[in-house]
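[1] Have a look at this fold, sequence not included:
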């Protein structure tokens, strides 16, 4: 079967931000100035929080290549640079930093080789960070390993990296428990949800999609709108996206209705917390797309007419907040809903 299109949202990548922040000192004062993003002119970014797991906004993306060169130089040059024999934990930490920078470049360039190099860096770090002696660093590296493999699996539409990502996130949860590390536990549960969703779409399998829904539900247990508005919006939206696709595979109206309610929650949080407007619009597009699937599944003429009208409103009022492919999706969905309504009316 072919799944309908929906859009997932990605929370901040704090590990990438830390890697950049802790590596700037290697570049010199002139590069520290370059690292600051230009905020003099505010331009709406309709791709914000939608590009992938290695998007960051604290620093200019122009410094990624320079930071990569500096980190690689510190690992390969002779002392006094970082030596694995003399400073094994500092060496492992630098491998973690480099892995995040390489993955960010891989996402920026859609380059599988860069993701593979990032994965190797995280694997190198795990040779020194052990669960027994460095549990927190080990868990953080497992998380990074999972996120890089998730990104690679999405890029290649490949199940093997996604399976590795699931295993890595599961390892991280051996250390990061809900009681002792609630934020890390929440982010890991969210990423498990994303990974199972991508895995389920490739396998066309209900079991993986069901696991995705459960993982997101776990993440929601420790989220609140005041402290985590973006994460709460993303988790409601992404859980709805998994339910949306699960409803399609099962041909189950109840799943689709649950997805629609979850999209509505994401939309509400996004609007109440005044997140960038395009995020609310994406939640609205997702919700209306799920309603279109439900109308087709139940042969509901009235709902199809409502869906066509809603997409028309989205296109007329919010085209400025839509990505080009998303705008095309809305136009196609509007035409599909109108065709269904007309066909049903003609058959009566």
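    Perfect, I can see it now. Every value quoted in this text rests on a predicted model; they were computed, and no experiment measured them.
[2] got the domain boundaries for the chain?
    Using automatic domain parsing, the domains assigned to the chain come out as 1-175, 227-348.
[3] how far does the first one stretch from start to finish?
    End-to-end distance of domain 1-175: 39 Å, with Cα to Cα, to the nearest Å as the criterion.
[4] Same question for stretch 1-15.
    One end of stretch 1-15 to the other measures 37 Å (Cα to Cα).
[5] Measure how far that stretch is from the centre of its chain, please.
    5 Å (Cα atoms, centre = their mean, to the nearest Å).
[6] What residues of that stretch count as buried?
    Neighbour counts over stretch 1-15 (16 or more other Cβ atoms under 10 Å) mark 4-13, 15 as buried. Yep, even glycine has a C-beta here, placed from its N, CA and C like the rest.
[7] Redo those as CSV? Include distance to residue 175, pLDDT and secondary structure.
    Below are the buried residues of stretch 1-15 laid out as CSV (distance: Cβ to Cβ, whole Å; pLDDT from 0 to 100; DSSP: H, G, I helix; E, B strand; the rest coil):
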residue, distance to residue 175, pLDDT, secondary structure
4, 38, 96, coil
5, 37, 97, coil
6, 33, 97, coil
7, 32, 98, coil
8, 26, 97, coil
9, 26, 98, coil
10, 23, 97, coil
11, 20, 94, coil
12, 21, 92, coil
13, 19, 95, coil
15, 15, 96, helix
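[8] Which helix in this protein has the most residues?
    Determined from DSSP state H, the single longest helix within the chain is helix 324-347.
[9] List the buried residues for that one?
    326-327, 329-330, 333-334, 336-338, 340-341, 344.
[10] so how far is it off the chain centroid?
    28 Å.
[11] what does stretch 287-294 give?
    22 Å.
[12] again with stretch 93-105
    How far stretch 93-105 lies from its chain's middle: 18 Å, per Cα atoms, centre = their mean.
[13] Contacts for it next, please.
    Residues outside stretch 93-105 that contact it (Cβ atoms under 8 Å, 6 or more residues apart in numbering): 13, 15-16, 18-20, 22-23, 53-54, 56, 61, 64-65, 67-68, 71-72, 74-75, 82, 111, 114-115, 117-122, 124-125, 137, 140-141, 144, 147-148, 151.
[14] host element of residue 108?
    Per DSSP states H and E: residue 108 is located in helix 88-109.
[15] If you could redo that for residue 237, that was the one I meant.
    Using DSSP H and E, residue 237 sits within helix 229-250.
[16] got any ranges where the stretch 1-150 of the chain has weak pLDDT?
    Applying pLDDT under 70 to the stretch 1-150 of the chain flags the ranges 28-35, 37-42, 78-80.
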